[in-house]
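A.B. asks: Sequence below, structure please.
(4 chains)
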There are 2 protein chains.
Amino acid sequence: MPPTPARREPLTRARVLAAAVALADAEGIEAVSMRRVAERLDVVPMALYKHIGDKEDLLDGMVDAVIADFRTAEGMPQNADWRTGFVALVLGARAALGMHPWARRVIETRTRRTSAVLGHMEALTRILLDGGLSPDLAHHAMHALGNRIWGFSPELFDDDPGHAAGARAESTAPAPDPAAYPSILAIAADARARRPDATSCDEDFEFGFALDLILDGIERARSTGWTSPC
Amino acid sequence: MPPTPARREPLTRARVLAAAVALADAEGIEAVSMRRVAERLDVVPMALYKHIGDKEDLLDGMVDAVIADFRTAEGMPQNADWRTGFVALVLGARAALGMHPWARRVIETRTRRTSAVLGHMEALTRILLDGGLSPDLAHHAMHALGNRIWGFSPELFDDDPGHAAGARAESTAPAPDPAAYPSILAIAADARARRPDATSCDEDFEFGFALDLILDGIERARSTGWTSPC
DNA sequence: ACCTGAACACCGTTCAAGT
DNA sequence: ACCTGAACACCGTTCAAGT
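C.D. replies: Next comes the predicted model:
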């Protein structure tokens, strides 16, 4: 009889998600469609529906796959300052997301809290509670940090005003006149003078500044025994 | 001759955007397609392309239309504390966005800085500079605030863990087990005990807490003469 | 049990044509 | 100048059928 044909590995949720992540890494998140993911797996699009619920579930799963690479809290120095452990987890998330530039945009659009998402939040919250924050303050701390718990901050300026946005879409609205935004120009000029070699703001410094500023505020609230007014 | 037929008002960018905003208000942002917007205007889809560049430009324009309703800085007390004016602008943005629940999600996905977006940033930045912040500190302040300059903070928890996410999509991944997240449960229980009538966290309080915390940090940096290390 | 084929109801966008 | 008709190249998802 003929040699057994190379039997295709059976589809699994993990294989589907890995293919989707690889596709997003290679071609960007807008290239990720059910059909293109199926194509990468040499399978007809409908085959995916046995393993993922729908497109939203695919995106949720892709985020989960990235979170699975986060450094865990295991082996963290046990009696260190709460800030040390907290910052380590956040910077671990930042490092993992740095490998998948599409992930931050996808995280911003997620509404379902998967077990991987809850796991990261739980680890952070536990550090806060163990560090002596009241549940109330820990709650507010998490909200104040927002998406910074994932190691990124929202992009405010993608570039200087008046810069022709690189994307392919052109607007029929009049282009902004840079001269109309003197204050923004002033801080942009200052930033450029300070770091003439950087093409944009130094993102790591920006992130650290904001993170420290918020954690300073939280620590101050903790040490002065802040309680919510209601 | 027959009575002149009711001549259709000619399409304009403003009319297209108004139709798109009305559609999003009525049916949610996912209902906004070029075809559905055209239908609302009694026009064939292609007619829109004379007035807007593409779908991205439509979304940019919708955000611009919402920003156009922001309370302006005109008539603001001139020699008040910089914080007063700053907070007034941010809360004005919050009020306007409150009328269009879809807008915050759309803003998070925008990458182009339109003149309306830059106008709001300029007004805020100007208040910071006039208030005595260095351009460098003003720059970091804006980044630290992130999307909070639009009057919203990212939703972290949409609900308690284990809550069956209301959306129609079901996942094939195992549902999270609430017991695995004791710290999150602890703060959720605490919040519920504190505000038993609220169905979720009190969003306005959350927002104000985080805004104040960040502005406290910025004001402290200003008054102690902070300068960036590079 | 797992995958397939064909189809449905949508998308955004182009181009050449109409008025 | 402004809008239309027909078409192209995609989408996500369903259902009944195949193996």
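
A.B. asks: Distance from the chain centre to the host helix or strand of residue A:64, please.
C.D. replies: Element membership for residue A:64 (DSSP states H and E) is helix A:55-67. Using CA atoms, centre = their mean, to the nearest Å, the distance from the centre of helix A:55-67 to the centre of the chain it belongs to is 12 Å.

A.B. asks: likewise stretch A:16-32?
C.D. replies: Taking mean C-alpha positions (CA atoms, centre = their mean), stretch A:16-32 and its chain are 16 Å apart.

A.B. asks: mind exporting that stretch as PDB, just the C-alpha atoms?
C.D. replies: This file holds the C-alpha atoms of stretch A:16-32, laid out as PDB (Å, rounded to 0.1, in the frame of the first residue of the first chain):
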ATOM      1  CA  VAL A  16      -5.600  28.500  15.500                       C
ATOM      2  CA  LEU A  17      -4.500  31.200  17.900                       C
ATOM      3  CA  ALA A  18      -0.800  30.700  17.100                       C
ATOM      4  CA  ALA A  19      -1.500  31.100  13.400                       C
ATOM      5  CA  ALA A  20      -3.500  34.300  14.000                       C
ATOM      6  CA  VAL A  21      -0.700  35.700  16.100                       C
ATOM      7  CA  ALA A  22       1.900  34.900  13.500                       C
ATOM      8  CA  LEU A  23      -0.200  36.500  10.800                       C
ATOM      9  CA  ALA A  24      -0.700  39.600  12.900                       C
ATOM     10  CA  ASP A  25       3.100  39.800  13.600                       C
ATOM     11  CA  ALA A  26       3.800  39.400   9.900                       C
ATOM     12  CA  GLU A  27       1.200  41.500   8.300                       C
ATOM     13  CA  GLY A  28      -0.500  43.600  10.900                       C
ATOM     14  CA  ILE A  29      -3.800  43.100  12.700                       C
ATOM     15  CA  GLU A  30      -5.900  44.300   9.700                       C
ATOM     16  CA  ALA A  31      -4.700  41.300   7.800                       C
ATOM     17  CA  VAL A  32      -6.200  38.900  10.400                       C
END
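
A.B. asks: returning to that earlier point: now do the helix or strand just after the helix holding residue A:64 and helix A:55-67, the angle between them.
C.D. replies: Following helix A:55-67 in sequence order, the next helix or strand is helix A:82-98 (DSSP H and E). Angle between the axes of helix A:82-98 and helix A:55-67 is 120 degrees (criterion: axes from the mean of the first three to the mean of the last three CA atoms, to 10 degrees).

A.B. asks: what about chain A, any weak spots by pLDDT?
C.D. replies: A:1-8, A:72-79, A:158-170, A:198-201, A:230 (pLDDT under 70).

A.B. asks: Please repeat the previous calculation with a cut-off of 80.
C.D. replies: A:1-9, A:71-80, A:156-172, A:196-201, A:230 (pLDDT under 80).

A.B. asks: ok, and the closest non-adjacent residue to the residue nearest to the spatial centre of chain A?
C.D. replies: Nearest to the mean C-alpha position of chain A, by CA atoms, centre = their mean, lies residue A:104 at 3.3 Å. Excluding its sequence neighbours, the residue lying closest to residue A:104 (CB to CB, 6 or more residues apart in numbering or on different chains) is residue A:152, at 4.6 Å. Using the backbone N, CA and C atoms, a C-beta is placed for each residue, glycine as well.

A.B. asks: since we're on the one you found, how many residues are nearby?
C.D. replies: Residues lying near residue A:152 (other CB atoms under 10 Å in any protein chain shown) number 21.

A.B. asks: what secondary structure does it sit in?
C.D. replies: Using DSSP: H, G, I helix; E, B strand; the rest coil, the structure places residue A:152 in coil.

A.B. asks: And for residue A:193, the neighbour number?
C.D. replies: Using other CB under 10 Å, residue A:193 has 10 neighbouring residues.

A.B. asks: And for residue A:98?
C.D. replies: Residue A:98, neighbours per other CB under 10 Å, totals 14.

A.B. asks: wait, what's in contact with it?
C.D. replies: By CB atoms under 8 Å, 6 or more residues apart in numbering or on different chains, the residues touching residue A:98 are residue A:151.

A.B. asks: hmm, 7 Å instead?
C.D. replies: Going by CB atoms under 7 Å, 6 or more residues apart in numbering or on different chains, residue A:98 touches no other residue.

A.B. asks: Over to the one 4 residues further on?
C.D. replies: Taking CB under 7 Å, 6+ apart as the definition of contact, the neighbours of residue A:102 are A:24, A:28, A:29.

A.B. asks: most surrounded residue in these?
C.D. replies: The most crowded member of those, judged by other CB under 10 Å, is residue A:24 (22 neighbours).

A.B. asks: For it, give its distance to DNA strand D.
C.D. replies: 12 Å (CB to the nearest atom of the strand, to the nearest Å).

A.B. asks: okay but that residue is in contact with residue A:32, surely?
C.D. replies: Yes - counting by CB atoms under 7 Å, residue A:32 is a contact partner of residue A:24 at 5.1 Å.

A.B. asks: Let me know the helix or strand that the residue nearest to the centre of chain A is in.
C.D. replies: Residue A:104 belongs to helix A:103-109, assigned by DSSP H and E.

A.B. asks: helix or strand right after that helix?
C.D. replies: Next element after helix A:103-109 (DSSP H and E): helix A:115-130.

A.B. asks: now for that next one, which elements pack on it?
C.D. replies: helix A:55-67, helix A:82-98, helix A:135-145, helix B:182-194 (3 or more CB pairs under 7 Å, 6 or more residues apart in numbering or on different chains; DSSP states H and E).

A.B. asks: and residue B:99, which of those is closest to it?
C.D. replies: Each of the helices and strands packed on helix A:115-130 has some distance to residue B:99 by CB to CB; the shortest is helix A:135-145, at 22.8 Å.
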